[in-house]
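Engineer: what's the 3D shape of this:
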Amino acid sequence: MNKIFIAAASIVTETDLPSARLGQRFGRLDLQSQLALLAVASLQIDFAKFPPDRLGICLVASAGSLTTDLNFWNGRSGVGGPSPTLFAYTLPSAAVGEIAIHFGLTGPDLCFVGDGTELITEAVDLIRSDKVDGCLCICGEVISTEVAKIISGPSAATACALFLTRAALSPDSRELREFDRDIKPLCALLCAAKSAS
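Structural biologist: Below is the predicted model of the structure:
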């Protein structure tokens with residue numbers, strides 16, 4: 001009863017976006033939302049097999065929405081001022097909403113800013129407390145070159161995702177282990193193993 005399973009894992013980068021086919025709205029989303037949505041779609045899970053209110057979403061945005069915030073701020077000096085379309089994405093949780101809308105999910109959701117080490121623990125708590133039957137875990141790292149200079153860090157444009165469930169969905173499902181706490185290395189490990197097989 002306490003076992004949790006990893007049904008699927010994915011990693012996407014900005015180079016994967018041109019081939020993405022995720023509807024008409026996709027091109028209007030900010031980069032963070034595009035990558036997060038593509039990472040979830042890349043899991044290739046049929047979410048229709050679950051009641052929509054029984055699937056949760058836990059997302060961490062490593063730099064919050066700083067890249068989008070800066071793009072919005074820089075638009076103030078352009079013709080027409082800052083973009084009202086871009087304004088909707090100046091919250092780190094915007095990607096959560098886009099995922100929920102695209103896949104029709106109505107369960108609980110959480111958004112964090114940071115390194116992602118708390119993400120899996122929170123998703124497991126949602127499942128074990130019987131609030132959900134499965135939970136999407138997404139880690140987005142979107143840091144433009146301009147933001148990287150401001151925060152003295154590297155630029156990035158990636159997202160990774162896991163789908164955790166209370167029951168194994170396929171023979172490829174893997175039991176979540178006690179030390180599986182950091183989403184980025186876990187996704188890298190699982191995606192490398194999948195590519196090798």
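
Engineer: helices and strands around the longest helix along the chain, which ones?
Structural biologist: Looking across the chain with DSSP state H, the single longest helix is helix 183-196. Applying 3 or more CB pairs under 8 Å, 6 or more residues apart in numbering; DSSP states H and E, one finds that helix 183-196 contacts strand 5-13, helix 119-128, strand 134-143, strand 156-165. Any C-beta I mention is one placed from the backbone N, CA and C, and that applies to glycine too.

Engineer: what's the most buried one of these?
Structural biologist: Among those, strand 134-143 has the highest mean neighbour count (mean count of other CB atoms under 10 Å), at a mean of 27.

Engineer: okay, which residue of the chain is out on the far edge from center?
Structural biologist: The centre of the chain is farthest from one residue, residue 79, which by CA atoms, centre = their mean lies 32.8 Å away.

Engineer: and that residue, what helix or strand is that in?
Structural biologist: Following DSSP states H and E, one finds residue 79 outside all helices and strands.

Engineer: tell me the pLDDT at it?
Structural biologist: On pLDDT, residue 79 comes in at 78.

Engineer: Kindly report the same for residue 197.
Structural biologist: Model confidence at residue 197, given as pLDDT, is 66.

Engineer: Equivalent analysis for residue 193, please.
Structural biologist: You'll see residue 193 listed with a pLDDT of 81.

Engineer: before we move on, back to that, columns distance to residue 38 and mean pLDDT on top of the helices and strands packed on helix 183-196, output as a markdown table?
Structural biologist: Shown next, in a markdown table, are the helices and strands packed on helix 183-196 (distance: least, CB to CB, whole Å; pLDDT from 0 to 100):
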| stretch | distance to residue 38 | mean pLDDT |
| --- | --- | --- |
| strand 5-13 | 5 | 95 |
| helix 119-128 | 18 | 94 |
| strand 134-143 | 10 | 94 |
| strand 156-165 | 7 | 94 |
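
Engineer: Including distance to residue 36, could the ones you listed go into TSV?
Structural biologist: Formatted as TSV, the helices and strands packed on helix 183-196 follow (distance: least, CB to CB, whole Å):
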stretch	distance to residue 36
strand 5-13	9
helix 119-128	13
strand 134-143	5
strand 156-165	5
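
Engineer: and residue 100, which of the ones you listed is closest to it?
Structural biologist: strand 134-143 (9.6 Å; CB to CB).

Engineer: re the thing from before, give me the contacts around the longest helix of the chain.
Structural biologist: 6, 9-11, 60, 116, 119-120, 137, 139, 160-162, 174, 180 (CB atoms under 8 Å, 6 or more residues apart in numbering).
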